[in-house]
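Participant: Generate coordinates for the sequence data below:
(2 chains)
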Amino acid sequence: MHNIMLIARREYLERVRTKSFIVMTLLIPAFMFGVTVLPTLIMSKGAGGTKHLVVVAPDMSTAEMIRQQLYKSPEEQKKATRHVQGMQTHSRLENLTVDVDTDTSETARAALTEKVKQKQLDGVIFVTREGLAAKKIAFITKDVSNLTANDEIERAINRALRRQLLESKGLTPADIENALQTVEMDAQNPTGNGNPITVFLSVISMVMILYVTVLLYGINVMRAILEEKTSRVMEVMLSIASAKEMMAGKILGVGAVGLTQISIWVLMALVASSPGLIAGAEMLKGIISAKLLVSFGVFFLLGYALYSTLCAAIGAMVNSEQESQQLQIVVMLPMIISVIIMTNVIENPGSAIAVVASLFPLTAPLIMFLRIALQSPPLWQIGISIALIIATTYGLVWLCSRIYRVGILMYGKKPTLPELMKWIRYA
Amino acid sequence: MYTIELEKVRKSYDHFVAVDDLSFKIEQGSVFGLLGPNGAGKTSTIRMMIGITAPDSGTVRVFGRPFDRKCLEKVGYLPEERGLYRRMKMLDQLIFLAELHNMEAVAARQKAIEWCERLEISEKLGSKVEELSKGMQQKIQFIAALLHDPDFIIMDEPFAGLDPVNVNLLKDVLLEMKKKGKTILFSTHRMDQVEKLCDSICLINRGKAVIQGDLKRVKAQYGKNNVQIGYEGNGDFLQRNTLVSSFNDYGNYVEVRLAPGADPQQLLRMVADHSRVNRFELMEPSLEEIFIEMVGKTHA
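Facilitator: Just a heads-up that it's a prediction; the model follows:
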C-alpha cells in the first residue's frame, strides 16, 4: 500500500505541475465559453439590426395579415419553446420593418428582386393567387440558407393564412384565437420522477461526461504505462515495487489528475453560471434527486476506474503509441455499444437486454446508471452490477500487471495473442 | 553467511532456456563477478534474485532467508537498461526512489545532495533528467542504487559508456562500499574490470555455469602455462606449432597457451630464432583468456 500511494503521488504531482495541465485546465473552459456564449452574444447582436421585408399579396387584407403575424413572431417563438427547458430560442425576427404591396405583376417582382440583389431589402414574400391555390409562396432573399429565420417566416405566413381562412368562414376573433391555441402536453412518469425528457437529457449529459472523461484521461493512463516502458525506468521500479503496485499506483495517480481537472472545470462552471444556477436548481429539483446524484458518483467512479484499467492493459501490451491506436477500439467499442443500447433501455428499462447490459461489467457503468435514473431496479441487481465491475477491474489490474512485467523481457516486437496468453501464465 | 544463494535455479521462456540449473553463493561482504557473453543469462539471473521474475524451479535465498519482497528495501540495483523518468527533476527522482525503499524523504534529500556532490553533479540537482548528458544520467542511476544504503548492490555493466575518470570515480565508491561490508554483484562481459575488483566469479554461458569460485583459485586451476611474448618480426611460426595449444594476438603482444607438457624454454628458443624478443613472460592466464577459451569451447 505504501508503494502504491508513493507511485500514485508521484504520478499525480508530476502531471499536475506540468504546463500542459495548467494550460488545458484554463483553455478548455475558455474554449467552452467561446463556443457557447459567444455565438449567442453575436446572434443577439445580429438580431439588433433591423430587417426590412416586403410582403406582396393579391389583396391588401392578406398582405396585412401576414405583416401582422410577422410582427407577432418573436412572441409566438417564445411560446413554442417554453416547455423545453434550457432551450431559449431567440427569435430571428425581432426588429422588423415590413412593407406591404398588392402589385403581383412580373415587372413588380423583377423590380423587388433587383432591390434584394442591391441589398436595399432583406427579403420579399411574394404571394400570388396561383401560389395561394397551390400552397406555394416565394420568399426572395439573399439569405436562403438561414433556416431558423426562414422557418419562422414560414410559420408566420401559415398562421396568417389560417386566420384569414377562419375569418372568411365567419368566426369571431376570440373563436379563431381559441381554435389556433396549441395544447401543452405534460408527460409524466408513473413513478413520479418528473418529465422523462429532462431525465433523458440529464442522463445523456452524464453519459457524455463519463464518455469524454474516459476518452480524455483513459488515454493518459495508457501513455503513463507506455512511458514507463519506453524510458526503460520499469526495470528499476520493478526492483522495488511489484508490477501490481505499479499498475494500481499509475491508475490511481493519473485517474486523480483527471478528477482534479474535472472538479476545477465544474467549479468554474458553477461560479460562472451562479445566477442561472439558482433558477436551474429550482428547475432540476425533483428531476435530479439525491439518489441520482449518488448513483452517478458511484457509477462514474467505477466506470472510470474500469476503463482506465482497460487502457492500462493496452499500454502494457504495446510498445509505442502508434500500436496502441489499433487497440483503442477495445475501449471504445463497449462504450459505443452502451450508447446504442441506451435508446432500447430508455424505452424499456426492465427488458432482458437492459438487465443483461446493466450487469455486464463493461456496459454496466452507463446502463445501470440509466436504469436507476428511469426506474428502481432491484437492489440485488445493483449490488451484483457493482460487485462485477469491481471484480473485473481488479482482475484487469492483475492481468495487465502480468503482461507488463513479462513485457520487459521482450521489447521491440508486438506480441501476438498467443504470446500474450503465455505472458500471463509466466511466473 | 551468504547474501545470495541460488540452488538449481531454472528459467525458460517458450523453448528457450535462459538459465539452466544454475547454483552459486555470494558471500557477504565480497565482490562477486557474474560473467558471460551477451545473452548468457546474466540479466535473467539477476531478475530472479530480486523478484522481477520467479524461477520455474529451484530456490533463491536472499540474506539467508527465502526471497520475499521486504528484503528488496536493502537491495540496490543498477540495471543494464538504464532508465529514469525523463521529465522528472533529478533530485525529486532520487528522493522518490529512496522513499520506495522505505527511506524518509528528508533524510533522502540530504543523502542525495551529498552523493551528487561526491559524484560532481550537484550543479544539476534541479535539472530534468532529459536535459542531462548520458554520463550524468548514468551517475544518477548509480546514486539511486546506493542512496538507501543497501546491503546488497547489483551493478549490471556499471561502467559501460563512461570515460576513464568517471569509471575510477565509481570504482572507488564501490570499493568503499566493500570496505563497509556491503556485498556487490558485478555483472559484465568486461573481464579486465572484473579482474581488478572481484573476489570470486561465476562464468556462465547459455544459462549454465562454466567456471565458478574464488578468482585466484580459478586462475590457479589453469596453472602458469600461459606466455606473453612481445616480439618484432613475423609471428606466423606460432601458428600450427606443436608447443602452442592456442594463441591470441593483442597487437602489441601475443598471449600463448602452451600445449600440455610443452616446455616454455623450447618455445623461447624458437621465438628467438624467428624474431627479436622484447618480452617473454610466463604467467597465469588472464580472465579474458579463460573466458574466450571456455565460451569458445561450448560454442564449438
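Participant: Show me the helices in chain B, by range?
Facilitator: B:42-49, B:90-100, B:105-118, B:134-146, B:164-179, B:191-197, B:215-221, B:264-274, B:287-299 (DSSP state H).
Participant: residues contacting the residue in chain A positioned nearest to chain B?
Facilitator: Of all residues in chain A, the one sitting closest to chain B is A:R232 (3.0 Å; Cβ to the nearest Cβ). Where C-beta positions appear, they are placed from N, C-alpha and C, glycine not excepted. Neighbouring residues of A:R232 by Cβ atoms under 8 Å, 6 or more residues apart in numbering or on different chains: B:P79, B:E81, B:R82, B:G83.
Participant: Quick one: neighbours of the residue of the stretch 201-300 of chain B found nearest chain A, just the number.
Facilitator: Closest contact between the stretch 201-300 of chain B and chain A, by Cβ to the nearest Cβ, is at B:G207 (14.2 Å). B:G207 has 23 neighbours, counted by other Cβ atoms under 10 Å in any protein chain shown.
Participant: Repeat that for B:A259.
Facilitator: B:A259 sits with 14 neighbouring residues when counted by other Cβ under 10 Å.
Participant: tell me the contacts of the residue nearest to it when sequence neighbours are not counted?
Facilitator: Nearest residue to B:A259, sequence neighbours excluded (Cβ to Cβ, 6 or more residues apart in numbering or on different chains): B:S245, at 4.4 Å. Going by Cβ under 8 Å, 6+ apart, B:S245 touches B:R257, B:L258, B:A259, B:P260.
Participant: rewinding a little: can you report phi and psi for the residue of chain A closest to chain B?
Facilitator: phi 60, psi 20 (degrees, to the nearest 10).
Participant: so where is the stretch 1-150 of chain A shaky, pLDDT-wise?
Facilitator: Within the stretch 1-150 of chain A, the stretches with pLDDT under 70 are A:40-49, A:80-92, A:144-148.
Participant: need the contact list for B:L169.
Facilitator: By Cβ under 8 Å, 6+ apart, the contact list for B:L169 reads B:L119, B:E120.
Participant: residues touching A:N178, list them.
Facilitator: No contacts exist for A:N178 under Cβ under 8 Å, 6+ apart.
Participant: Neighbours of B:C198, how many?
Facilitator: 23.
Participant: if you skip the residues just before and after it, what's nearest to B:E289?
Facilitator: Nearest one to B:E289, counting by Cβ to Cβ, 6+ apart, is B:E255 at 6.1 Å.
Participant: Can you read off the pLDDT for that neighbour?
Facilitator: The model reports B:E255 with a pLDDT of 82.
Participant: gap between the helix or strand that A:I66 is a member of and the chain center?
Facilitator: Using DSSP states H and E, A:I66 falls within helix A:60-80. Distance of helix A:60-80 from the chain centroid (Cα atoms, centre = their mean, to the nearest Å) equals 34 Å.
Participant: hmm, who's touching stretch B:219-233?
Facilitator: B:211, B:252-258, B:262, B:264, B:267, B:271, B:274-287, B:289-290.
Participant: Tell me the buried residues in stretch A:23-42?
Facilitator: A:T25, A:P29 (16 or more other Cβ atoms under 10 Å in any protein chain shown).
Participant: any bit of that stretch sitting next to chain B?
Facilitator: No - judged by Cβ under 8 Å from any Cβ of the partner chain, stretch A:23-42 makes no contact with chain B; its nearest approach is 15.5 Å.
Participant: If the residue lying closest to B:T3 once chain neighbours are set aside is in a bridge, with which residues?
Facilitator: Spatial nearest neighbour of B:T3, chain neighbours left out: B:T183 (4.0 Å); criterion: Cβ to Cβ, 6+ apart. With DSSP bridges as the criterion, B:T183 is bridged to B:F152.
Participant: what does chain B have sitting close to chain A?
Facilitator: Residues of chain B lying near chain A (Cβ under 8 Å from any Cβ): B:13-14, B:50-56, B:69, B:72-73, B:75, B:77, B:79, B:81-88, B:96-97, B:99-102, B:141, B:144.
Participant: Give me the pLDDT for residue 289.
Facilitator: Using chain A. 68.
Participant: wrong one, I was asking about chain B
Facilitator: 77.
Participant: Quick check, it in contact with B:V254.
Facilitator: No - counting by Cβ atoms under 8 Å, B:E289 sits too far from B:V254 to count as a contact (11.6 Å).
Participant: Compare those two and say which one has the larger neighbour count.
Facilitator: Remark: of B:E289 and B:V254, B:E289 carries more neighbours, 21 against 18, as counted by other Cβ under 10 Å.
Participant: any idea how far the residue nearest to B:T3 is from chain A?
Facilitator: 16 Å (Cβ to the nearest Cβ, to the nearest Å).
Participant: Tell me where the stretch 251-400 of chain A has strands.
Facilitator: Listed in chain order, the stretch 251-400 of chain A contains no strands at all (DSSP state E, counting those that start in this stretch).
Participant: List the residues that contact B:M177.
Facilitator: By Cβ under 8 Å, 6+ apart, the contact set of B:M177 is B:L146, B:I153, B:I184.
Participant: swap in B:F67?
Facilitator: B:M49, B:G51, B:V60, B:R61.
Participant: Do you know the pLDDT at residue 280?
Facilitator: Chain wasn't specified; assuming chain A. 59.
Participant: that answer is for a different chain, and I need it for chain B
Facilitator: 86.
Participant: What's opposite it in the beta bridge?
Facilitator: Applying DSSP bridges, one finds that B:F280 bridges with B:I229.
Participant: go on, B:E5?
Facilitator: B:K25, B:R61.
Participant: can you pull the contacts of it?
Facilitator: Applying Cβ under 8 Å, 6+ apart to B:E5 gives the contacts B:K25, B:I26, B:T59, B:V60, B:R61, B:G64.
Participant: so which pair among the residues you listed is furthest apart in space?
Facilitator: B:I26 and B:T59 (14.6 Å; Cβ to Cβ).
Participant: Those two: which is more packed in?
Facilitator: Here B:I26 and B:T59 are compared on neighbour count by other Cβ under 10 Å; more neighbours surround B:I26, at 23 against 13.
Participant: Check what pLDDT the more buried one gets.
Facilitator: Predicted confidence (pLDDT) for B:I26: 92.
Participant: looking at it, it is touching B:S187, isn't it?
Facilitator: No - judged on Cβ under 8 Å, B:I26 makes no contact with B:S187 at a distance of 11.8 Å.
Participant: Where does chain B get nearest to chain A, which residue?
Facilitator: Residue of chain B nearest chain A, by Cβ to the nearest Cβ: B:G83 (3.0 Å).
Participant: Give the closest residue to that residue in space, chain neighbours not counted.
Facilitator: B:G83 sits nearest to A:R232 (Cβ to Cβ, 6+ apart), 3.0 Å away.
Participant: do the same with B:K139
Facilitator: B:K139 sits nearest to B:L119 (Cβ to Cβ, 6+ apart), 4.9 Å away.
Participant: just checking, the one you found touches B:Q141?
Facilitator: No - between B:L119 and B:Q141 there is no contact under Cβ under 8 Å: 11.1 Å.
Participant: Which parts of chain A belong to which domain?
Facilitator: Structural domains annotated on chain A: A:50-180, A:191-425, as defined by automatic domain parsing.
Participant: Neighbour-wise, give me the winner out of the contacts of A:R232.
Facilitator: B:P79 (26 neighbours).
Participant: returning to that earlier point: just the closest of the contacts of A:R232 to B:G161, please.
Facilitator: B:R82 (8.9 Å).
Participant: what sits against the closest one?
Facilitator: The contact partners of B:R82, taken as Cβ under 8 Å, 6+ apart, are A:R232, B:Q137, B:Q138, B:Q141.
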